[in-house]
Structures are given as structure tokens and as C-alpha cells.
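1. Quick check, what structure comes out for this input:
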Amino acid sequence: MKNYFMALASLLFISHQAIAQKVEFEEFDLDNGLHVIMHKDNTAPVVITSVMYDVGGKDGDRERTGFAHFFEHLLFEGSENIGRGEFMKIIPANGGTFNANTSQDRTYYYEIFPSNKLELGLWLESERMLHPVIDQIGVDTQNEVVKEEKRQSMDNRPYGGLIKAIGENLFSAHPYKDQNIGLMEHLDAATLEEFNAFFDTYYVPNNAVLVVAGDIDYAKTKAMVTDYFSAVKKGPEVVRDFPMETPITETKKAVAYDKNIQIPAIIAAYRLPGQSTREAYVLDMISSYLSGGKSSVLYKKLIDEKKEALTVQAVNIGQVDYNIFALFALPIGDVSLDTLLADMDEEIVKMQNELISERDYEKLLNQFESDFVSSNSSVAGIAGSLATYYLLYGDVNIINNQLDTYRSITREEIQSVAKKYLNPNQRVEVQYLPKKDDQ
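-> Sure thing, here's the model as predicted:
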């Protein structure tokens, strides 16, 4: 994961996709528990094969954090039938592109090919699931890759530690407290046996969803999927029993330091209901109202009018067990962090005490519809949505009704949710400061 807090506003709309036009799809299950979703779009000769596994940074031994992200890299090493490093050569050689990413909740692999290469895409993903080569050479190679990624995206990037600062202060019991990328000393200490055990637990067909979308024929695709994936053995059912957090009832203040910055930041983070709840949808709208574009209330107030901030954001970061709602701002000149926070709070209090205007409400609905139509305008976007809604929300058809959910949210509901969750005694306030030589 190469993203940091300054990019989270854009990620919000990736994790909450919907479109105005109905998306048709077909589903079926193999005997080994693999759920398969197919979507046909014959407008272009393109096909995507993707697998989302129900495993992320929150999973595994807390003395071995970062395993899911590590496997995002490791499972490109090769298989019994694909030589080391060949995975990433085969795809471009056949006109395709590929990628993978890991969050706290899931891992997603995908390939995009010309539609006549569908069978190749299915074979590659079945090889990854059926018999990957997990050996010491691959582990040592990817260990260095992950360390370099951490150096570039976190250790040596300005504000690269923001998510870490939020997670470790907002959570104390739930594994969301740990970084998705994990601790490097945990990866260094892990044995080959531990890596193989992690694979056998989580990278099994009954803990995954396969999506095939694009220029396909349903009957032929189903037959190919059955041929390539039926041989994969069903794994044990994954059992999760994460400790839950006690509610925050008093403001918690924290300080974090970053050697790569000169301008401090203020963060106010709230631990809120998970992404599938109706309240999470309302908080999406609240975050957009506060900082969704140059006409948003925080942008106009702190940047245009008062000229106090270089940037200001309100984001609602979707996760399965708990969402993170966070306010963030960088000051201009000698403006204090307390001043920025007070001015952001002032706009939240206004939301709590009075309804947003009809004009702002309509603008919100239009903004959501436009963004969501855009986000699912490609076959790849639709494939990601189908996998996400099945695996993390438990309902694939959200892709067709989520926008209706947003449209059903009233101004009164926005006010009510702001009153219920966005109060100073329910949050962590982090001063994110330049690190001095003696710190």
C-alpha cells in the first residue's frame, strides 16, 4: 500500500462505489466453496480476472503483523508451473496489465487482458491459489521489496506516518491498531513454516471470491472456471474473534513526530461504526459536505476566507469493523493547530444545531451520483465493486442500490448522526509535528 493520509479523500470513493445504471451479473459456487461472479460487457474486447481474499492487515498473529501485505508480493513469485519471476512477464507479453493491493480487511489481485486471453487469466489465478511456490528464496526476496516500499512510502515520505499515528492512538485492542504493512522485525523473525501456515489458512477458495468481467460468454466462462478451480481443495473455515474497543468518552490527546516535515498538522480522529452500516453512509455525506471540493464549507472557510490552512480534509475511511472519520489540516504561517481545530469544530457544531441547506443537500447528491458513475465506468471498476460488496458487505446487489441509499438520507439524518458521533469527547486529537534532532 503506497498511499498516505493526504490521498485518502480519493480512496474514499474507490471503497464506496455505486452507479446509476443497473449492473447485470451471474453468480455460482464451486464445491470447494469458491464464490464466482460474472459480469458481461461486450462493448470492448477486454476482460478482467480478479480474486479478492478475505484476509488483510488485521488478520494473523499480532507478533507476526504484515503477513497479508507480504503475501500480496509473495504470491507473484511463481507456482509449480510458473517459474520464478515469470508471472510478471507472462501478463505483459500477452497484452495484459496487473496489480494487487492489500487493506486491513482484504487482499485483491487482478489481471486485465484482451478478451481472447481469458483462459490465461483464469489459469494464472488458479495457479496462485492451487500450488504457489513459497520457499526461502522468495521470502528473502520479497522481504527486501517490502522494506524498500516501507522506506519510500512511509519512512522517507512527508506525512507518511499519519495512518500509523491515527491507528495506534484510536485503537488499543482491535488489530486495526497495527500498521497494515506490519513491523519489519516481525517479517524478519518469521519462519518458512509460519508463512506456509498463513497461506493454508487464508488463501483458500472458501475464503475468496473470483470475479470475471468484460467481453465474456457466461456458459463458456463458467465451464473454464470450473475446469481451472475445481481442483483447489477447500480450506478450514476462518474464525475471527477480535477484541472490540470500548467507546471513547473523553478527548484523548497525542503527539507524533515526523522527520520529513517542516509544517505541523492537526488530526482529529473518531472511531465509528463499520462501513456497511447506514450511519457510515451518512458519514460519507458529512465528509463530502465538509471538504469535498473547493466549494465545501471547510475549504471555503479555512483556505479561501480566513487563509489559515494550506489544506483541509474530512475523510470517512471505510473498514469492516470500525470506520475512521478524521479531520486534518495544515496551517499557514503562525496559525496555531488549536485555531485550525476550533474552526473545523465550528462547522461541525453548525451541522449539529441546524440543517444543512437544501442547496448544499442537492449538491451533495449530485456530487455522489457523478463520482459513483465515474468510478464504475470501467469493467475494472465494476469488477472491484462486485468483489468488495460480496466479500466485505455480504450483498453483491449493493452495486445497484447503494446510490438509492445515499438518496434516501435526509438532512435531518445528517444532523442526527453529526450530533451522535462527532463530539470532542469522542475523539483522539493528534498533533503531528516536525521531528527535531534531539527527539
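2. what residue lies at the spatial centre of the chain?
-> residue 103 (4.9 Å; Cα atoms, centre = their mean).
3. Distance of that one relative to residue 175?
-> Distance, residue 103 to residue 175, by Cβ to Cβ, to the nearest Å: 13 Å. Yep, even glycine has a C-beta here, placed from its N, CA and C like the rest.
4. which residues are in contact with both of these two?
-> Counting by Cβ atoms under 8 Å, 6 or more residues apart in numbering, the contacts common to residue 103 and residue 175 are residue 57.
5. Tell me which residues touch residue 382, please.
-> By Cβ under 8 Å, 6+ apart, the contact list for residue 382 reads 19, 23, 39, 41, 213, 376, 399.
6. I'd like to know which of these is nearest to residue 157.
-> Nearest to residue 157 among those: residue 376, at 30.1 Å, using Cβ to Cβ.
7. I'd like the distance between that closest one and residue 105.
-> Distance from residue 376 to residue 105, by Cβ to Cβ: 20 Å.
8. Looking at those two, which one has more neighbours?
-> Just comparing residue 376 and residue 105: by other Cβ atoms under 10 Å the higher neighbour count belongs to residue 105, 25 against 22.
9. Can I get stretch 71-88 in CSV, CA atoms only?
-> In CSV, the C-alpha atoms belonging to stretch 71-88 read as follows (Å, rounded to 0.1, in the frame of the first residue of the first chain):
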residue,chain,number,x,y,z
PHE,A,71,1.6,-12.2,0.6
GLU,A,72,0.4,-9.5,-1.8
HIS,A,73,4.0,-9.6,-3.1
LEU,A,74,4.9,-13.2,-2.3
LEU,A,75,2.2,-14.7,-4.5
PHE,A,76,3.7,-13.2,-7.6
GLU,A,77,6.9,-15.3,-7.1
GLY,A,78,5.6,-18.2,-9.1
SER,A,79,4.0,-21.7,-8.8
GLU,A,80,4.8,-25.3,-9.7
ASN,A,81,4.0,-24.5,-13.3
ILE,A,82,5.2,-20.8,-13.4
GLY,A,83,8.9,-20.1,-13.0
ARG,A,84,10.2,-17.6,-10.5
GLY,A,85,9.5,-14.1,-11.8
GLU,A,86,7.7,-15.3,-14.8
PHE,A,87,4.2,-14.3,-13.5
MET,A,88,5.0,-10.7,-14.1
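10. If you count neighbours, what's buried in stretch 25-44?
-> By 16 or more other Cβ atoms under 10 Å, the buried positions in stretch 25-44 come out as 25, 30, 32-41.
11. show me the contacts for residue 356.
-> Applying Cβ under 8 Å, 6+ apart to residue 356 gives the contacts 289, 364, 411, 414-415.
12. What about the residues you listed, which are in helices?
-> Within the contacts of residue 356, residues falling in helices by DSSP state H are 289, 364, 411, 414-415.
13. List just the nearest of those to residue 181.
-> Residue 181 lies nearest to residue 289 out of these, by Cβ to Cβ, at 31.9 Å.
14. So the closest one sits against residue 299, correct?
-> No. The criterion here is Cβ atoms under 8 Å, and residue 289 misses it with residue 299 at 11.1 Å.
15. would you say residue 323 is within a strand?
-> Yes. Membership of residue 323 in a strand is supported by DSSP: H, G, I helix; E, B strand; the rest coil.
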